[in-house]
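Asker: with the input below, show me the fold.
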Amino acid sequence: MDLSEINHLANLSRLKLSPTEAENYAQKLTAIFEYIQKINQINTDNILPMAHAIPLELKFNHLREDLGFEISQEQKDLFLNLSNQSEQGFFTTPPSIE
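Answerer: Here you go, the predicted structure:
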């Protein structure tokens, strides 16, 4: 983009740009448009349209498998003792709604 286009867009947007700002925007927008041109050159003929980058199955998002595990009572007591807020074998937190 050249400075006249930047100044025209600034005028339409009711922005006042200094010459330095206009030059900066011209360089950045030119780089963005050049990158878009590179992307447009990629052959996508055999690529199916997607709504999401990761295939989603029905209602569930399987990004990782949930793995449950058991800890010993000794480990549980150790963790609870490290916390300054625990009650009846559980961690406690301040109320979020009063």
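Asker: how about the helices in this protein?
Answerer: 3-12, 19-40, 73-82 (DSSP state H).
Asker: in the second one, what's buried?
Answerer: Yep, that's helix 19-40 we're talking about. Neighbour-count burial for helix 19-40 flags 22, 25-26 (criterion: 16 or more other C-beta atoms under 10 Å). All C-beta atoms are positioned from the backbone trio N, CA, C, and that covers glycine.
Asker: report pLDDT for Ile32.
Answerer: Ile32 is assigned 96 on the pLDDT scale.
Asker: repeat that for Ile42.
Answerer: 93.
Asker: again, but for Glu65
Answerer: 69.
Asker: now Pro95
Answerer: 82.
Asker: next one: Leu58
Answerer: pLDDT at Leu58 comes out at 53.
Asker: make residue 1 into 56 and carry on from there
Answerer: Right, with 56 as the first residue, what we last looked at is Leu113.
Asker: contacts for stretch 70-81?
Answerer: 56-58, 60-62, 65 (C-beta atoms under 8 Å, 6 or more residues apart in numbering).
Asker: any idea which of those residues the model trusts least?
Answerer: Met56 (85).
Asker: that residue: neighbour count?
Answerer: Neighbour count for Met56, taken as other C-beta atoms under 10 Å: 17.
Asker: pretty sure it sits against Lys83.
Answerer: No. Look at Met56 against Lys83 with C-beta atoms under 8 Å: they stay out of range, at 9.2 Å.
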